[in-house]
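**Student:** please work out how this folds:
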Amino acid sequence: MGLPKEKIPQHWIEAMEFNANLEIPVEWKPAKKATWRSGRGWYDYDRRGTHYHILLLEDFKFGRIKRKFGEFLCGSKITDRSTHEVVNLKLDLDPLMNKRFKVTCPKCLERAEKIGGMIR
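**Tutor:** Residues are numbered from 1 along each chain as shown. Got it, this is the predicted structure:
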């Protein structure tokens with residue numbers, strides 16, 4: 001059960017269309033880096049200036065790019081592995097929810113473009 005199509009916000013539709021055009025040959029989803037923030041609640045997930053990355057849900061190898069399950073395509077370092085696993089890999093109660101967030105990481109988009117251009 002989800003929202004009727006006419007009630008889906010336009011920015012969600014635009015994000016889903018944008019993400020659908022990224023040619024990544026493995027399963028992935030948009031995700032932010034999750035960091036434990038002592039004294040500020042469980043984690044500080046929506047900090048300003050953070051990007052949505054391409055989070056790989058399978059091992060990936062393409063040319064010199066090698067990533068494992070749960071890593072970001074851009075290679076951004078995961079500083080808090082346990083929080084990252086809980087927030088980005090285990091709390092997937094609504095798998096389609098993540099599709100509504102547009103990938104904004106410049107390095108992820110650059111690599112996705114290279115991969116997509118070489119697959120064609």
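
**Student:** C-alpha only now, for contacts and for neighbours.
**Tutor:** Will do.

**Student:** now the strands: where do they sit in this structure?
**Tutor:** Using DSSP state E, the strands of the chain run over 28-31, 53-56, 60-62, 65-67.

**Student:** paired strands for the third one, with orientation please.
**Tutor:** Taking DSSP bridges as the criterion, strand 60-62 pairs within the sheet with strand 65-67 (antiparallel).

**Student:** can you give me the mean pLDDT across the strand it pairs with?
**Tutor:** Here strand 65-67 scores 93 as its mean pLDDT.

**Student:** give the buried residues for that strand.
**Tutor:** For strand 65-67, a neighbour-count test (16 or more other CA atoms under 10 Å) marks Arg67 as buried.

**Student:** who's in contact with it?
**Tutor:** Here strand 65-67 makes contact (CA atoms under 8 Å, 6 or more residues apart in numbering) with 56, 59-61, 73, 75.
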